[in-house]
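*Asks:* Fold the following and give me the result.
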Amino acid sequence: MEPRAYQSSIVETCKKHNCLVILPTGMGKTLIALLLAQERLKLYPNSKILLLAPTRPLVEQHFHSFKKDFIDSDRYEMHIFTGKINSEKRAEIWKKAQIIFSTPQCIHNDVEKGIITLNQVSLLIEDECHRCLKNYSYTYVSKEYKEQAVHERILGLTASPGSDKEKVKEICENLNIEAVEVRTRDSEDVSPYIQKLTYDLIKIEFPQELRDIRVLLKALYDKKIEELQNRKLIFKQVTKITLLELQNKLRNMVIHGNKHFNILRGISICAQAIKIAHALELLETQTLETFVNYMNDMYNQAKEKKSKGVMQIVNSNYFQDAYLLSTKLYEQGFEHPKLHKLKEIVQEEIKKNPNAKILIFSQYRDSVSKIKEELKAKGIKAEIFIGQAKKKLTGLSQKEQQLVLHKFKQGEINALIATSIGEEGLDIPEVNLVIFYEPIPSAIRKIQRAGRTARLKPGKLIILMTQGTRDEMYHWASYHKERKMYSILDQVKNDLKKQDKDSKKQKSLTSFS
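*Replies:* Numbers count the residues shown, from 1 in each chain. As a prediction, this is how the structure comes out:
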């Protein structure tokens, strides 16, 4: 493949430095890895290239890309490491392989057991490297590589490293990054290669019928928060994150022997508040069916006496009134207006272009299932794309996932409704339209979702946002995080340049003296 100007420019930096490369999804990160791998094998013909990706389908995707586009690929032994191959067999493969594609866990286990060493690896590539944090296997492998490598070179690839400066710095430290290369759709050397992306934020009114239910659940939620405040357990502004942090803190206190009634009661109230907050989120942002399923699930847990906390929630008048209102609406065929709007958009798109490929993202499996059912009822060829078995929905095996993607590529499916599994790295074909059923607060995930369209031909991105709800809050959170991320990357890039300059100056002074 002929590299684009920006890819060639990035590769030149990667030849000289351990580099963090940030490129939107679909802008050719794999080709950058491939070109650099070719360069390293020219320099060190007896060395190995190690490419890590977080999931097996993504590992296989990289393997096939290298097989297809690597110059003289037949000359090089290329192998995939998976947990299905026993460690002794992997050790044998490692000896003869020159290019290895693996999940980080496999390499972590084999290095830790001393089955393989990384000293011959002249290039370590970590795809989706925003995961290279804390105790994740990416971090362990990069640490061991830095200690063992004779000819060290590291390449980190991601569409977004996040908007937390400390985390970005941690990723850079873990990968021993010396340079950062960032490109966006607006970058001068990228814009000639990309297609027009039309963006539309559709605001939807939150109906009075659902507001009435929200009032009841909010009153119950406020009571739980008030109790936590009265017990002097929480002081700052309360969010889902602060509740989860408090819950972890209280549980750690119990683990370390503090079993005071106030602490134990606090854990229970925290769990109840989190469950009610989740119910509110489903009510505001998902289908009514998803919300009713969750309420029914709580009722069943209470009946089976699985949790005292859930029993307390279900026994409250607020919950019971909210449950009666929602089930009555559901039986009448009422639905969240967002679902109606989605059907209207999809029907209109397919009317204009019967061969349209539409990718719909939704957070929850129940919603994904409901959306598919509603679209199919309108005669639209729709299918779900979800991860493996979880709770009620059985999920899709990797073979089933590949079959669904194949049908989507071949045009047998018009609309693919995906959970987060469709966000990261998978080989999903070019789509005409991406729809967010709900905004998400993560800049990383927003960038990954949006990168699924406007690659080879013009595309559209539509975000459905229910006004005056968490949808609105999450939309603006991800918007500001994305802007902050690029500002942080500029700072980190400049810091690394300064460090490099200072290091060269110090070497020059030492040499002179």
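
*Asks:* okay, CA-based contacts and neighbour counts for the rest of this
*Replies:* Fine.

*Asks:* Number of residues surrounding residue 457?
*Replies:* Neighbourhood size, residue 457 [other Cα atoms under 10 Å]: 13.

*Asks:* meant to ask about residue 143
*Replies:* 15.

*Asks:* So that it lines up with my notes, have the first residue be 213 from now on.
*Replies:* Got it, first residue is 213 now, which makes that one residue 355.

*Asks:* In this structure it contacts residue 385, no?
*Replies:* No: Residue 355 is not in contact with residue 385 according to Cα atoms under 8 Å; the separation is 9.8 Å.

*Asks:* Now the helix ranked longest in the chain: average pLDDT?
*Replies:* Assignment by DSSP state H gives helix 682-724 as the longest helix of the chain. Helix 682-724 carries an average pLDDT of 84.

*Asks:* Which neighbouring elements make contact with that helix?
*Replies:* Contact here means 3 or more Cα pairs under 8 Å, 6 or more residues apart in numbering; DSSP states H and E; on that basis helix 682-724 packs against helix 377-386, strand 391-394, helix 473-497, helix 655-662, strand 671-678.

*Asks:* relative to helix 473-497, how tilted is it?
*Replies:* 110 degrees (axes from the mean of the first three to the mean of the last three Cα atoms, to 10 degrees).

*Asks:* Three-state assignment for residue 363, please.
*Replies:* In three-state terms, and counting by DSSP: H, G, I helix; E, B strand; the rest coil, residue 363 is coil.

*Asks:* burial measure for it, as a count.
*Replies:* If we define neighbours as other Cα under 10 Å, then residue 363 has 15 of them.

*Asks:* Show the pLDDT at the spatially closest residue to it that is not a sequence neighbour.
*Replies:* Among residues not flanking residue 363 along the chain, residue 334 sits closest, at 5.1 Å (Cα to Cα, 6 or more residues apart in numbering). On pLDDT, residue 334 comes in at 98.

*Asks:* which element is residue 595 on?
*Replies:* strand 594-597 (DSSP states H and E).

*Asks:* Now the element after that strand, going C-ward?
*Replies:* helix 610-622.

*Asks:* Quickly list the domain ranges of this structure.
*Replies:* The domain map for the chain lists 217-405, 420-543, 548-684, with the assignment taken from automatic domain parsing.

*Asks:* what's the span of the longest one from first residue to last?
*Replies:* It stands for domain 217-405. Using Cα to Cα, to the nearest Å, the end-to-end distance of domain 217-405 comes to 9 Å.

*Asks:* same check, this time on the last one
*Replies:* The first and last residues of domain 548-684 sit 16 Å apart, counting by Cα to Cα.

*Asks:* pLDDT below threshold where in this structure?
*Replies:* For the chain, the stretches with pLDDT under 70 are 601-606, 637-638, 716-717, 719-725.

*Asks:* Strands of that one, start to end?
*Replies:* Ranges of strands in the chain, per DSSP state E, are 231-234, 260-264, 290-293, 311-314, 333-339, 366-370, 391-394, 409-416, 570-573, 594-597, 627-630, 645-648, 671-678.
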